[in-house]
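> mind looking at a prediction? Sequence and model below.
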Amino acid sequence: MTNYLDFEKPLAEIEGKAEELRAMARANEDMDVTEEAGALDKKAATMLQDLYKGLTPWRKCQVARHPDRPHCRDYIKALFHEYTPLAGDRNFADDQAVMGGLARFNDRPVMVIGHEKGNDTKSRIQRNFGMARPEGYRKAIRLMEMADRFNLPVITLVDTPGAYPGKGAEERGQSEAIARATETCLQIGVPLVSVIIGEGGSGGAVAFASANRVAMLEHSVYSVISPEGCASILWKDSEKMREAAEALRLTAQDLHKLGVTDRIIPEPLGGAHRDPVKTIKAVGETIEGMLGELSEKNRKALVKARRDKFLAMGSKGLAA
């Protein structure tokens, strides 16, 4: 069953009518609805193309948050072999919002780390909706340091609304853990590539995405704060999220122009959730390409290139 976003309601009505006709035909063998259903399918395809032709930043946020989008575990299952999960920060606990471990990517040993939101009510609560606590970032630090020690490329998959802002997380040093994770990203001497597969929220995303190469799916978003949070601060009204989304320049297209990200990965028409297999394949090809670009660089060159990349951010405007 397809989950439709608010702006897709007209599309839902047309596709629903087509499915009703087919259900009636299945119940009555003498009924032929091929022509009528085909006409509705054609109309729905045209409407879908029109809806996604020029998505506003706010609508891109909605698509990036779609519950049926492929999540971190889907990418790991499809793209990585011999995945061995590694748990815990060796200090406090294991954060289920962050998953990671040793694996093979195209027969090459790597370390893969990512945010996992969950795909149903039980798993979303277990994963804390992808919002990591300090122990999640400390687990990521441990895994990145291990990868550095054994000279393994690091691949990170970012999909989080932001770091968890709860009292316990703050007491255990949330901001310090995020800063240390970001520092580790910038210091390790192995290739580090990152893909924003959904939401890239605040420092919780930067802690995984301070990489040599950063790619974004076409309808993913990456920003310092959510549109709702920004609207609450600037206008004291979270309903101004549409205006905030415009101002934040959080789309893959804007961030590519600004030089914050390196690549945009095309999504199937209607978003990644309409064809997860095609989306995951495109992400895998992009990761392979990014790792290939870094394969000849030595440790010092990788660290220097990463440092120079982030120091140069802000020098490129949207008009460039």
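It's in.
> CA atoms for contacts and neighbours, from now on please.
OK.
> how is the nearest residue to Arg249 once chain neighbours are set aside assigned, secondary-structure-wise?
Nearest residue to Arg249 in three dimensions, chain neighbours excluded: Leu255, at 6.9 Å (Cα to Cα, 6 or more residues apart in numbering). Here Leu255 takes the helix state, with states given by DSSP: H, G, I helix; E, B strand; the rest coil.
> for the stretch 201-320 of the chain, which spans come out with low pLDDT?
317-320 (pLDDT under 70).
> what are the boundaries of the helices in the protein?
For the chain, helices defined by DSSP state H occupy the ranges 9-27, 34-53, 57-64, 72-79, 121-126, 134-149, 167-171, 174-187, 202-209, 227-234, 241-248, 252-258, 276-294, 299-311.
> tell me the strands beside the lengthiest strand in the chain, with direction?
Scanning the chain for the strand with the most residues, using DSSP state E, yields strand 192-201. Here strand 192-201 has these sheet partners by DSSP bridges: strand 154-160 (parallel), strand 213-217 (parallel), strand 221-223 (parallel).
> out of these, flag the one nearest Asp107.
Closest approach to Asp107 among the strands paired with strand 192-201 is made by strand 154-160 (14.3 Å; Cα to Cα).
> out of the strands paired with strand 192-201, which comes closest to Leu86?
strand 154-160 (14.1 Å).
> other residues contacting that closest one?
Identification of contacts with strand 154-160 by Cα atoms under 8 Å, 6 or more residues apart in numbering yields 71-72, 110-117, 129-131, 144, 147, 190-201, 204-205, 208-209.
> likewise for stretch 225-240?
Stretch 225-240 is contacted by residues Trp58, Pro161, Gly162, Gly201, Ser202, Met241, Arg242, Glu243, Ala244, Ala245, Leu248 when judged by Cα under 8 Å, 6+ apart.
> if we can go back for a sec, now what about the longest strand of the chain, what contacts it?
So strand 192-201 is contacted by 61, 64-65, 69, 71, 153-163, 185, 206, 208-217, 219-226, 283, 287, 290-291 (Cα under 8 Å, 6+ apart).
> of those, grab the buried ones for PyMOL.
Of those, the buried ones go into a single PyMOL selection, burial set by 16 or more other Cα atoms under 10 Å:
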select buried, resi 61+64+65+69+71+153+154+155+156+157+158+159+160+161+162+163+185+206+208+209+210+211+212+213+214+215+216+217+219+220+221+222+223+224+225+226+283+287+290+291
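> how many neighbours does the closest residue to Leu86 other than its chain neighbours have?
Spatial nearest neighbour of Leu86, excluding adjacent residues (Cα to Cα, 6+ apart): Gly101 at 4.8 Å. Neighbour count of Gly101, defined by other Cα atoms under 10 Å: 20.
> Gly101 contacts Met111, correct?
Yes - at 5.7 Å, Gly101 counts as touching Met111 under the criterion of Cα atoms under 8 Å.
> what residues are shared contacts of these two?
Leu143.
> follow-up on the earlier one: contacting residues for the residue nearest to Leu86?
Contacts of Gly101 by Cα under 8 Å, 6+ apart are Tyr83, Thr84, Pro85, Leu86, Met111, Val112, Ile113, Leu143.
> recalculate using a threshold of 6 Å.
Thr84, Pro85, Leu86, Met111, Val112 (Cα atoms under 6 Å, 6 or more residues apart in numbering).
> distance of the residue nearest to the spatial centre of the chain from Ile280?
Among the residues of the chain, the one closest to the centroid is Ile197, at 2.2 Å (Cα atoms, centre = their mean). According to Cα to Cα, to the nearest Å, Ile197 and Ile280 sit 10 Å apart.
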